[in-house]
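quick one: sequence and predicted model below, then my questions.
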Amino acid sequence: MGLLEVRDCTIRFGGLTAVKSLSMSLEKGALYGLIGPNGAGKTTVFNLLTGVYHPNEGSIELDGKSLNKLKPSRIARLGMSRTFQNIRLFQSMTVLENVKLARHGARKQNVWDATLHNRKQRDEEAQIERDAMELLEIFNLEGRADEIAINLPYGSQRRLEIARALATDPRILLLDEPAAGMNPQESLDLMHLIRRVRDRFDLTVLLVEHNMRVVMGVCERIQVIDYGETIALGSPREIQDNPKVIEAYLGGA
Amino acid sequence: MKRWLLWLGVLLVLAGLEASLRGLIGPYAYQITVLVGVNIILAVSLNLINGFTGQFSIGHAGFYAVGAYTSAALVKFGGPAIRGLVGFLPAIGQDAVLLLAGLAAAAIVAGIAGLAVGIPSLRLRGDYLAIVTLGFGEIIRVVILNVDSIGGARGFSGIEQLSNFFWVYFFVLVTIVVIHNIVHSSYGRAFVSIRDDEIAAEAMGVDTTRFKVLSFVISSMFAGIAGGLFGHFTMYLHPNSFTFVASFNVIIMIVIGGLGSIEGAVVGATVFTVALELLRKLGPFRLVSFAVLLVLIMIYRPQGLLGSWTLFKGRRKAAPKAMVV
Amino acid sequence: METFLQQLVNGISQGSAYALIALGYTMVYGVLRLINFAHSDVYMFGAFMGYYIANSTLGLALGPSIPGAILVMVGSMALCACLGILIERFAYRPGRSPSPFTLSFWFGILGAGFGQLLGGTLVSVALGALAGAVLGFVLEKVGLKPKPQSSHLKLLIIAIGVSFFLENGGQQVFGADPKFFPQIIPNRSIDVGGVSLDTQKLTVLGVALLLMILLNVVVHYTKTGKAMRAVSFNLDTAKLMGINTDRIIAFTFALGSALAGAGGILVTLMYPRIDPLMGIMPGLKAFVAAVLGGIGNITGAMIGGLIIGLAEVMAVGYGQSTYRDAIAFVILVLILLLKPTGIMGKGMVEKV
């Protein structure tokens, strides 16, 4: 059984079925791609997995634990972390604070410690700061730690989102179109970065991406959905040759 | 160890001021000074929920009232018993114990009221907190009006005078230090993350409902303490002191000073309280002008009138540099 | 049984007045996603305008008669609509995007206030207003520019400020002491099977019903109404579709405020005591009605208003009257806990 098991998940908004009996299985350590044409329901799948929406039918399990009714924050603390398609950094915080915030789930201080700023709290804050700086270094952002996050250039903001997601100590990292708006060189760097991060943090990665070069170059297994339904599943090679996929992308002549 | 020395020094200074201030500046200015202190506690605490957590409460006066009446009632009805328990202390010590007991009760009851108001309204995104707190503020007044043992519509008189400059400013410092510490901790970051982007905060593992409620309860508790200090200073409470106007005044204090700035809240509370006294001649037009001021500040300078002190000061210095990029 | 029927009648008339006010909240929330705190004060303003019209030469000449009542009603609704448009134009719109003459307007008001304090004559008020407006105009020209970005919290605080402004402005202009609304319709009472139906209650019911039907016609069958629905569905898309959203928003305010004005008159038919703070409680209750029905939903607001009115009257009739005002509040807390989307509301999905 995989680390993440999605079985027959369906979600409807009013009359619209956004995702229809979707199944998905992510082995530990996988680099899994989820692709599909615009409006295929990819982001909805992310929102289902992270608890922003709850499925009408079906089940989602992380390591055997059902996520169906849990709040996003609970799911995040269970080890599912994500980035957002339309970047959602904390706008009044600096780069460093954005990452420090994501250490929230791991905190040991309670309200009293925070109120008194006692030794325990100060040690923990120092540790959080070190952890956060370490992550920023991996993403080449340490030099801009004290800048307001939303003043960073676009590509850096995307990397910061990944760094922030990693700060929650995830087991599964969900990347929602991380290459959006990047130039070819940046996308290439991103591909290397994703692999490196997977290996270094022992992660399972689920990637939603429009940029085919990135998906094909990074993912080991790809699932294609269209109108909320799975139409193909396989290795990048198999997907590229699949007539159904070509049809979906070309608009089904 | 050093911290204790610092606090001891502060207590000595406050005690010295308490002994001399009334003579130095006269009873009227002394009274205003104390009132400024009470308002600072209100403003700094309201700023936690409105400024840092980005949820909008407009019923701070409700919790202030709860605190004021709770403390006054406890001291009035339980005072002799408490004095009996600590009879071995000198009178000044008994007074202190009594006041602290009253304030503790005020904080707890106001905190519970905050929990009761916060849980239904803060689960939801949006402005429900504003309307629920407005409703709560009005209802609590109706309730007080109908309870005869605390004076009802006649007002609660005969409250023991226990608080003074010393105690009010001691709690001003406690409030500032506590709120400052909380804001500069994992908790504060969680509050600000909720203000900035609730969805992202959830995705990063922040239980937003829990933290909103926590912020609101802490804020309410300090409002309760402010109420207790107020009641034991003026020795008389009336429901009309806790109308929507009182809540509105605290809002304008934190808006003048800049939402999400502790220093701003302190300055805002001071400026507003003093201005309100100085402009007494203007009558109801004072409040009309303050209302217009609030609207104009929000349109033209939402960061506050008094400059832009901001959260996470040390770290924020880098911000202007980033603008060049 | 008879008491029950009597209570039912009282509840429905009270409820239909709440429903009229609730409509304004719900419509503005629909287009701007904003709780228009000032709405309850527009209701107060409506009652005062009605009071002044009824006591004007023409109003007194007509006396308690049908034309007299229509004059008071329509006049007050029109003035309320103007107030609604002013509030939108000079408080909420500048909060969304920079708009000229904002400073002139507010400084003019402050100037008028100072004029009244210093001189107390009409001339001094006018001079003050003029001086203020000019000063505001100059400041605007010199470069005092509003912050361009709109935020939700900002609009909410502006709304609270406007509400407070109207309450205190009302105290200064109308006086803080309560006034008594004159009788504007001939008072007769019919007894139907033990239930007394007086002309006042019947008028309240009839007028409220008529206005709600009219509103439905406007919203569903006119071009502006369609545009309103489009804006409330999605403001940005409506703008892209070529709808003048600012105009539609202003129209929504006018419509909602006119209904609040009507509500103000109708309530004073039943409870003639009016004062500048009279709006707070009914406003709160009407808002609860809007939430109960599903905020943003017009039919919901009507149903919600009726339920709140009935619940209140029944509770007072059969139990505690001192805590009358608390009932709506308890209902609010219950809805928020049990079904925050309200009776008619659809679950709104936030875009992630």
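Looks like it came in fine. Numbering: from 1, shown residues only, chains lettered A, B, ... in the order given.

which single residue of the stretch 51-200 of chain A ends up nearest chain C?
Among the residues of the stretch 51-200 of chain A, A:V52 lies closest to chain C, at 5.4 Å counting by Cβ to the nearest Cβ. All C-beta spots, glycine's among them, are computed from the backbone N, C-alpha and C.

any idea of the mean pLDDT in the host helix or strand of C:W106?
Here C:W106, judged by DSSP states H and E, is contained in helix C:102-118. Throughout helix C:102-118, pLDDT has a mean value of 90.

which strands or helices does it pack on?
Counting contacts by 3 or more Cβ pairs under 8 Å, 6 or more residues apart in numbering or on different chains; DSSP states H and E, helix C:102-118 packs against helix B:284-300, helix C:122-142, helix C:152-173.

got those as a markdown table, with mean pLDDT columns?
A markdown table is the format used below for those (pLDDT from 0 to 100):
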| stretch | mean pLDDT |
| --- | --- |
| helix B:284-300 | 90 |
| helix C:122-142 | 89 |
| helix C:152-173 | 91 |
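
B:A190: what's it in contact with?
B:A190 makes contacts with A:L101, A:H104, B:A201, B:V206, B:F211, as judged by Cβ atoms under 8 Å, 6 or more residues apart in numbering or on different chains.

ok, then the element right after the strand or helix carrying the third one?
When you say that, I think you mean B:A201. Assigned by DSSP H and E, B:A201 belongs to helix B:198-203. Per DSSP H and E, the first helix or strand lying C-terminal to helix B:198-203 is helix B:208-234.

check the offset of that following helix from the chain's centre.
Helix B:208-234 sits 6 Å away from the centroid of its parent chain (Cα atoms, centre = their mean, to the nearest Å).

lowest-confidence one in the contacts of B:A190?
The minimum pLDDT among the contacts of B:A190 falls on A:H104, with 90.

so when I look at it, I'm seeing a helix, right?
Yes - under DSSP: H, G, I helix; E, B strand; the rest coil, A:H104 sits within a helix.

which residues of the stretch 151-253 of chain A score low on pLDDT?
A:250-253 (pLDDT under 70).

C:G108 against C:A133, yeah?
Yes - with contact defined as Cβ atoms under 8 Å, C:G108 reaches C:A133; the gap is 3.7 Å.

host element of the nearest residue to A:R103 once chain neighbours are set aside?
Nearest non-adjacent residue to A:R103, counting by Cβ to Cβ, 6 or more residues apart in numbering or on different chains: A:I128, 4.7 Å away. In the assignment (DSSP H and E), A:I128 maps to helix A:119-138.

tell me the helix or strand right after that helix.
helix A:154-166.

hmm, the next helix or strand after that following helix in reach of chain C?
Sequence-wise, the next helix or strand beyond helix A:154-166 is strand A:172-176, with elements assigned using DSSP H and E. No - Strand A:172-176 is not in contact with chain C by Cβ under 8 Å from any Cβ of the partner chain; minimum separation 9.2 Å.

how far does strand A:172-176 sit from its chain's centre?
Going by Cα atoms, centre = their mean, the spacing between the C-alpha centre of strand A:172-176 and its chain's C-alpha centre is 2 Å.

ok, that strand near chain B or not?
No - residues of strand A:172-176 contacting chain B under Cβ under 8 Å from any Cβ: none, with a closest distance of 9.3 Å.

following element in sequence after that strand, please.
Once strand A:172-176 ends, the next helix or strand along the chain (criterion: DSSP H and E) is helix A:184-201.

what does that next one rub up against?
Contacts for helix A:184-201 (Cβ under 8 Å, 6+ apart): A:29, A:31, A:138-139, A:155, A:158-159, A:162, A:166, A:170, A:173, A:175, A:178-179, A:182, A:203-205, A:207, A:211, A:213-214, A:217-218.

cool, stretch B:24-39 as well?
Contact with stretch B:24-39 is made by B:21-22, B:163-165, B:168-169, B:171-172, B:226, B:229-230, B:233, B:249-250, B:253, B:269-270, B:272-274, B:277, as judged by Cβ under 8 Å, 6+ apart.

please indicate which of those residues are buried?
B:21-22, B:163-165, B:168-169, B:171-172, B:226, B:229-230, B:233, B:249-250, B:253, B:269-270, B:272-273 (16 or more other Cβ atoms under 10 Å in any protein chain shown).

buried by neighbour count, from the contacts of helix A:184-201: which ones?
Of the contacts of helix A:184-201, these count as buried by 16+ other Cβ under 10 Å: A:31, A:138-139, A:155, A:158-159, A:162, A:166, A:170, A:173, A:175, A:178-179, A:182, A:203-205, A:207, A:211, A:214, A:217-218.

A:N242 is in contact with A:I222, isn't it?
No - assessed by Cβ under 8 Å, A:N242 is found out of contact with A:I222, at 9.7 Å.

what about those two, which has more around it?
A:I222 (26 against 17; other Cβ atoms under 10 Å in any protein chain shown).

can you check what angle separates the top helix by length along chain C from helix C:152-173?
The residue-count maximum for a helix in chain C (DSSP state H) belongs to helix C:2-32. On the basis of axes from the mean of the first three to the mean of the last three Cα atoms, to 10 degrees, helix C:2-32 is oriented at 120 degrees to helix C:152-173.

any bit of helix C:2-32 sitting next to chain B?
No - residues of helix C:2-32 are not located near chain B by Cβ under 8 Å from any Cβ, the shortest gap being 9.2 Å.

what is the burial count for C:R324?
15.
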